[in-house]
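Q: Based on what follows, work out the 3D shape:
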Amino acid sequence: MRWISRGQQQRDHRGQRNKCAACGNDGTTARPLTISRDGMRIHLQHYHEPRSGYYGDTHQGVG
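A: Numbers count the residues shown, from 1 in each chain. As a prediction, this is how the structure comes out:
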């Protein structure tokens, strides 16, 4: 089961469900969003970017 943080729930209610919490860009087929361990929607690629706060972290699947 995916856990969505309160902060992400607030973003969702403000119409930002398809916006990456890390960079602010939209999720797309080429750059899908996933749920991070802290319950935020971010692009999968942030797990592979050394400058990202999510580098090397694990995710919960596409969200």
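
Q: drop to CA atoms for contacts and neighbour counts, all remaining ones
A: OK.

Q: Now do Y55 against Q9, distance only.
A: The gap separating Y55 from Q9 is 23 Å, by CA to CA, to the nearest Å.

Q: The two: which has the busier surroundings?
A: More neighbours surround Q9 than the other of Y55 and Q9, with 16 against 13 (other CA atoms under 10 Å).

Q: Identify the residue nearest H43 in space, chain neighbours excluded?
A: Leaving out its chain neighbours, the residue that sits closest to H43 by CA to CA, 6 or more residues apart in numbering is L33, at 4.3 Å.

Q: Now do the strands in the chain.
A: Along the chain, counting by DSSP state E, strands occupy 33-36, 41-43, 59-62.

Q: sorry, back to before: isn't the residue nearest to H43 right up against M40?
A: No: between L33 and M40 there is no contact under CA atoms under 8 Å: 9.4 Å.

Q: For G7, which non-adjacent residue is spatially closest?
A: M40 (7.6 Å).

Q: Could you list the low-pLDDT ranges of this protein?
A: For the chain, residues meeting the criterion pLDDT under 70 lie at 1, 58-63.

Q: can we see that at 50?
A: Low-confidence segments of the chain (pLDDT under 50): 63.

Q: Spell out the residue ranges of the helices in this protein.
A: Ranges of helices in the chain, per DSSP state H, are 6-13.

Q: Contact partners for R41?
A: By CA atoms under 8 Å, 6 or more residues apart in numbering, the contact list for R41 reads 8, 17-21, 33-35, 63.

Q: Let's see if you can find the most crowded of the residues you listed.
A: Ranked by neighbour count (other CA under 10 Å), the contacts of R41 have L33 at the top, with 26 neighbours.

Q: ok, now how distant is that one from D57?
A: 14 Å.

Q: cool, and Q10?
A: Q10 is 23 Å from D57, where distance means CA to CA.
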